[in-house]
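Q: Just need the structure, nothing else, for what follows:
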Amino acid sequence: MEIVQSAYVLHTRAYRETSVIATFLTQDHGKINGVVRGVRGKTRSSMQKNATLQPFQKLSIEWRDKPHANNDLVTIRTVESEPVRFFLEGESSFCGLYLNELLYRLLYPRVGVETLFEEYEQGLLKLLKVTSRNEQAWVLRQFELHLLTDLGVSLHFDLDANKQAIESTAQYQYYPEMGAFPVLDEQAVGNGVLISGECLLKLAELNYCESCLGAWKRLLRHVLNLYLGSKPIMTRQLFK
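A: Down below sits the predicted model:
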């Protein structure tokens, strides 16, 4: 069965003499790993294909589905540019590459995730419009939260681990897969993420707060690290 999908390139790596293995985010099939032939070379055709397989360019890709194949690698038969491209520059491009790395690392191949494709496009569009680092950070936090939720990670920021309403004036320790615990004794703070009830509630409502950005970054990074494992996110180094 022939499958045609809108897609974005998340990652590419060299394969054999003239090919690459490209990882795509597709609209209905999630992450797809596909061999694209004739990309690495000095011919006009190779250079055109290489120029097409760039980040933030919306593509139309086609492959033949083989239900009984032994691996997740498909052969991409055609790759064509669609008339949508997000011309991210500077730190906004680093942010876009960070989104790509999260998707590349966290998605399972060929498992569709509802609304994720649209959320990714909206994230790129927001990055195109931002004018400050704080705005960039807010775009990243929203996408991280959407991604974790779409992957089925249970996140509760309006209730604590005991199912009690979060109090805006209280302090909490947040633990992945457990939730928020009230800080009753400042001398007995554990290894969770210390965060105010106010910042938890604002994150639950996606209510932007500049003073909460640092706490939100620490909180969501703590949760993400549980699923990313020990290998660091490489694009974080770009911001340094």
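Q: low-confidence ranges in the chain?
A: 68-70, 186-189, 240 (pLDDT under 70).
Q: Let me see the ranges of the strands in it.
A: In the chain, the strands defined using DSSP state E lie at 2-15, 19-26, 30-36, 57-64, 73-85, 171-175, 179-182, 193-196.
Q: how close does Gly190 get to Gln173?
A: According to C-beta to C-beta, to the nearest Å, Gly190 stands 5 Å off from Gln173. C-beta here means a position set from N, CA and C on the backbone, and glycine is covered the same way.
Q: Comparing these two, which residue is more hemmed in?
A: Gln173 (20 against 10; other C-beta atoms under 10 Å).
Q: contacting residues for the more buried one?
A: By C-beta atoms under 8 Å, 6 or more residues apart in numbering, the contact set of Gln173 is 180-181, 183, 189-190, 192-195.
Q: which neighbours do Gly190 and Gln173 share?
A: Joint contacts of Gly190 and Gln173 (C-beta under 8 Å, 6+ apart) are Phe181.
Q: re the thing from before, closest to Thr23 among the contacts of Gln173?
A: Set against Thr23, the nearest of those by C-beta to C-beta is Val193 (30.5 Å).
Q: May I have the beta-bridge partners of the closest one?
A: Beta-bridge partners recorded for Val193 (DSSP bridges): Tyr174.
Q: For stretch 61-70, buried residues please.
A: Within stretch 61-70, the residues scored as buried using 16 or more other C-beta atoms under 10 Å are 61, 63.
Q: try stretch 18-26
A: Those would be 19-26, for stretch 18-26 by 16+ other C-beta under 10 Å.
Q: Which parts of this structure are helices?
A: 44-52, 90-106, 116-129, 133-150, 197-204, 213-228 (DSSP state H).
Q: highest average neighbour count across the ones you listed?
A: Neighbour counts averaged per stretch over these are highest for helix 197-204, at a mean of 20; criterion: mean count of other C-beta atoms under 10 Å.
Q: Which of the helices of the chain sits closest to Arg13?
A: Across the helices of the chain, closest to Arg13 is helix 90-106 (C-beta to C-beta), at 10.8 Å.
Q: Point out the other helices and strands that that closest one packs with.
A: Secondary-structure packing of helix 90-106 (3 or more C-beta pairs under 8 Å, 6 or more residues apart in numbering; DSSP states H and E): strand 2-15, helix 116-129, helix 133-150, helix 213-228.
Q: Redo the ones you listed as a markdown table? Include distance to Pro55.
A: Below are the helices and strands packed on helix 90-106 laid out as a markdown table (distance: least, C-beta to C-beta, whole Å):
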| stretch | distance to Pro55 |
| --- | --- |
| strand 2-15 | 6 |
| helix 116-129 | 9 |
| helix 133-150 | 15 |
| helix 213-228 | 20 |
